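> Following is a predicted model, sequence given first.
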Amino acid sequence: MAKSEGEYTWKDLEIGAVIAAPGSARQYESGTWRSQRPTYDFKKCVKCGLCALYCPEGCIEENEEGYFEADLFYCKGCGVCARECWPKVITMIEEVE
Amino acid sequence: MTTTRVGIEVSIAIADAVKLANPDVIAAYPITPQTHIVEHLAELVANGELDAEYIPVESEHSAMSACLGSAASGARTFTATASQGLALMNEVVYVAAPMRLPIVMAIANRALSAPLSIWCDHSDMMSVRDTGWIQIIAENGQQCVDNIICAFRMAEDRRILLPVMVHLDGFNLTHVIEPIEFPEQSEVDKFLPRSPFPLPLNPDKPVVMGDFAPPVIFTEAKWAHEMSIKASKKFIVEIWNKYEKAFGRQYCPLEKHHSDGAKVVLMTMGAIGETASVAIDEMVAEGQSVGQIKLRLWRPFPFEEMREAAGDADVLIVLDRAISFGGPGGPLASEVKAAFYDQAKRPKIVSFVGGLGGRDITVAGFKDMVKKGIKIAQTGSKNEYEIYGVRE
């Protein structure tokens, strides 16, 4: 998409607001919903990947060092990963301006 | 132009008109008084007389859901319902129009419960007023047949692309036998060229339909829908004119019956308008300055035509067969008042609600209503609207 959603006029929409280019949801920054964000103490991490399995947003991926980390562009800060992480690697902290 | 004229039950005639339109998919659930329409269509498909997919769904909600999918794939799609069925379908009815899916639906107008009634009024029609569908009202069997055929053309016209409802009064039309002129199949084929949905479901070219719209884009989507239905009126009229050229019967957003120059005008919608016409004809013969306007197009509402047709009258009496409870009374009268509110010259508008749940209004009844309406216009009334024929 050349434009962001906020630039579309009603005339720019396809008939019936059909989205003709698949995958446009990737551009939606659901990270703006977040009030808390995950922080990591990777010293405790056993790289089990349970957090990635449980993440309802599917936004946790393995980084180059093999640790699992949320993509904050999409992470909504729900805290499921922190709750499920049994070695207690993840701590949710308040988002501050 | 060749036509055959046969005596036939109007529901069966509607099913035959749908057959003439050669739909690909019919998804429907039977409900009184619509049943004969879909029953006959099922029969036509089962007998091999109509090459279409008939989906006998488990509810009206599913009927309209199946219609969405069908129309989205580019198939010519028909359904029919009434009253409680339309109410159950409501959620999905709202989805069809903003998705611009060209579905045609016949509605055998019937009162909504409670108390339970199987007979005609327009409360079901009013329950889907704001769904954004084009809504046509038929007054007799011939109009049902003609408008079913026109509805497919309107729905699929690339300049319109909206679902179309054809309203017809339950029992008063669905269950009566009328002489109907059927157009020839070859003529209908010419009138209804295939024009598949421009962005259909297609595995080779995937699209997203009816997607999530965050606040940043929702208003634009709604406005696009509103602009499409507003713009549709001139194309609807154009299609009606083409129909007249091909088949000889003329349709327009509202029909004027002795109303030009009349001091008092009665406005009706639906089959009861024919009874009213008899009353008006008799009153005209007696030398009274009365006329009638019959609404054919409920959505988009023909504001300009309305002002042109009744702007010079002294009194405009509007009959509604539905109540907006605790509100202004008749939904049609409410619309008509809105049409005239900011006009320098406007008639006194008197709103009547009557004919609820199948209650008959006779020729004498309409004369009485006109008389009462004139009196109310002169003396004024403390009521927002008058209920006609209730026992006090």
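Now that the structure is in, tell me what you want to look at. Not measured: the values here are computed from a predicted model.
> okay, and for the stretch 151-300 of chain B, where does confidence drop off?
For the stretch 151-300 of chain B, no stretch has pLDDT under 70.
> What's the mean pLDDT across stretch B:35-42?
If you average the pLDDT over stretch B:35-42, you get 98.
> Please save the CA atoms from that stretch in CSV.
What follows is stretch B:35-42, C-alpha atoms only, in CSV (Å, rounded to 0.1, in the frame of the first residue of the first chain):
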residue,chain,number,x,y,z
THR,B,35,-43.5,-19.9,1.7
HIS,B,36,-45.0,-20.4,-1.7
ILE,B,37,-42.3,-18.4,-3.4
VAL,B,38,-39.4,-20.5,-2.2
GLU,B,39,-41.4,-23.7,-2.3
HIS,B,40,-42.1,-23.2,-6.0
LEU,B,41,-38.5,-22.3,-6.7
ALA,B,42,-37.4,-25.5,-4.9
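> Give me the contact list for it.
B:9, B:11-12, B:14-16, B:18-19, B:26, B:28-30, B:50, B:54, B:56, B:78-80, B:106, B:108, B:174-175 (C-beta atoms under 8 Å, 6 or more residues apart in numbering or on different chains). C-beta coordinates here come from the backbone N, C-alpha and C atoms, glycine included.
> Any of those residues buried? List them.
The neighbour count (16 or more other C-beta atoms under 10 Å in any protein chain shown) marks B:9, B:11-12, B:14-16, B:18-19, B:26, B:28-30, B:50, B:54, B:78-80, B:106, B:108, B:174 as buried among those.
> Give me the pLDDT for A:Ser4.
In this prediction A:Ser4 is given a pLDDT of 77.
> can you tell me how far it sits from A:Tyr28?
10 Å (C-beta to C-beta, to the nearest Å).
> and what of B:Val353?
In terms of C-beta to C-beta, B:Val353 sits 48 Å off from A:Tyr28.
> For the two, indicate the residue with more neighbours.
Applying other C-beta atoms under 10 Å in any protein chain shown to B:Val353 and A:Tyr28 shows that B:Val353 carries more neighbours, namely 24 against 13.
> my read: that one touches B:Pro331, true?
No: the criterion here is C-beta atoms under 8 Å, and B:Val353 misses it with B:Pro331 at 9.6 Å.
> shared neighbours of those two, anything?
Contacts common to B:Val353 and B:Pro331, judged by C-beta under 8 Å, 6+ apart, are B:320, B:322.
> Just the buried positions in stretch A:87-97, please.
A:89-90, A:92.
> Reformat those residues into JSON lines and put distance to chain B next to each item.
Below are these laid out as JSON lines (distance: C-beta to the nearest C-beta, whole Å):
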{"residue": "A:Val89", "distance to chain B": "33"}
{"residue": "A:Ile90", "distance to chain B": "28"}
{"residue": "A:Met92", "distance to chain B": "25"}
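> Among these, name the ones in strands.
A:90, A:92 (DSSP state E).
> Alongside chain A, which residues does the stretch 101-250 of chain B contribute?
B:101, B:161, B:198-199, B:206-211, B:213-214, B:216-217, B:219-221, B:223-224, B:227 (C-beta under 8 Å from any C-beta of the partner chain).
> Narrow those residues to those in strands?
Using DSSP E, none of those sit in strands.
> Drop anything exposed from those.
Judged by 16+ other C-beta under 10 Å, buried ones among those: B:101, B:161, B:199, B:207-210, B:213, B:217, B:220-221, B:224.
> Mind jotting down where the helices sit in the chain?
No chain was given, so I picked chain A. For chain A, applying DSSP state H gives helices covering A:50-54, A:80-84.
> nope, chain B
B:10-21, B:35-46, B:60-72, B:83-96, B:123-127, B:141-156, B:185-191, B:215-247, B:272-285, B:303-310, B:331-340, B:363-379.
> What are the buried residues along the longest one?
Going back to what we said before, that points to helix B:215-247. For helix B:215-247, a neighbour-count test (16+ other C-beta under 10 Å) marks B:217, B:220-221, B:224-225, B:228-229, B:232-233, B:235-237, B:239-240, B:243, B:247 as buried.
> quick one: contacts for residue 86?
Since no chain was named, I'll use chain A. A:Leu50.
> Correction: the question concerned chain B.
By C-beta under 8 Å, 6+ apart, the neighbours of B:Leu86 are B:60, B:93, B:107, B:124, B:127-128.
> Redo those as a markdown table? Include pLDDT and neighbour count.
Shown next, in a markdown table, are the contacts of B:Leu86 (pLDDT from 0 to 100; neighbours: other C-beta atoms under 10 Å in any protein chain shown):
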| residue | pLDDT | neighbour count |
| --- | --- | --- |
| B:Glu60 | 98 | 27 |
| B:Val93 | 98 | 26 |
| B:Ile107 | 98 | 26 |
| B:Asp124 | 98 | 25 |
| B:Ser127 | 98 | 16 |
| B:Val128 | 98 | 22 |
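> Among those residues, pick out the one closest to chain A, please.
In terms of C-beta to the nearest C-beta, no member of the contacts of B:Leu86 lies closer to chain A than B:Val93, at 15.1 Å.
> what about the residue lying closest to the closest one once chain neighbours are set aside, neighbour count?
Leaving out its chain neighbours, the residue that sits closest to B:Val93 by C-beta to C-beta, 6 or more residues apart in numbering or on different chains is B:Thr131, at 4.9 Å. Each residue near B:Thr131 was counted by other C-beta under 10 Å, and the total is 19.
> what's the spacing between B:Thr131 and B:Cys120?
Distance from B:Thr131 to B:Cys120, by C-beta to C-beta: 20 Å.
> same question, B:Pro253
B:Pro253 is 22 Å from B:Cys120, by C-beta to C-beta.
> who's more crowded, the two?
The residue with more neighbours, out of B:Pro253 and B:Cys120, is B:Cys120; 31 against 21, by other C-beta under 10 Å.
> Now for residue 37, how many residues are close by?
Went with chain A since none was named. 18.
> I was after chain B.
Neighbour tally, B:Ile37, other C-beta under 10 Å: 32.
> ok, now the one 10 residues further on?
Taking other C-beta under 10 Å as the criterion, the count of residues near B:Asn47 is 8.
> B:Arg110 too?
31.
> phi, psi of the residue of chain B most remote from its centre?
Relative to the centre of chain B, the most outlying C-alpha is that of B:Asp204, 37.5 Å out, by C-alpha atoms, centre = their mean. The phi/psi pair for B:Asp204 (degrees, to the nearest 10) reads phi -80, psi -20.
> can you pull the contacts of it?
B:Asp204 touches nothing, counting by C-beta under 8 Å, 6+ apart.
> again, but for the one 10 residues further on
B:Pro214 sits next to A:5, A:28 when contact means C-beta under 8 Å, 6+ apart.
> Tell me where chain A is predicted with low confidence.
A:1-2, A:97.
> Which strand residues bridge the residue nearest to B:Phe247 when sequence neighbours are not counted?
Of all residues not flanking B:Phe247 in the chain, B:Pro183 sits nearest, at 5.2 Å (C-beta to C-beta, 6+ apart). Counting by DSSP bridges, B:Pro183 is bridged to B:Thr3.
> Contacts only, for B:Pro183.
B:Pro183 neighbours (C-beta under 8 Å, 6+ apart): B:3, B:20, B:149, B:191, B:246-247.
> With respect to B:Ile272, which of those is nearest?
Nearest to B:Ile272 out of the contacts of B:Pro183 is B:Ile149 (C-beta to C-beta; 24.0 Å).
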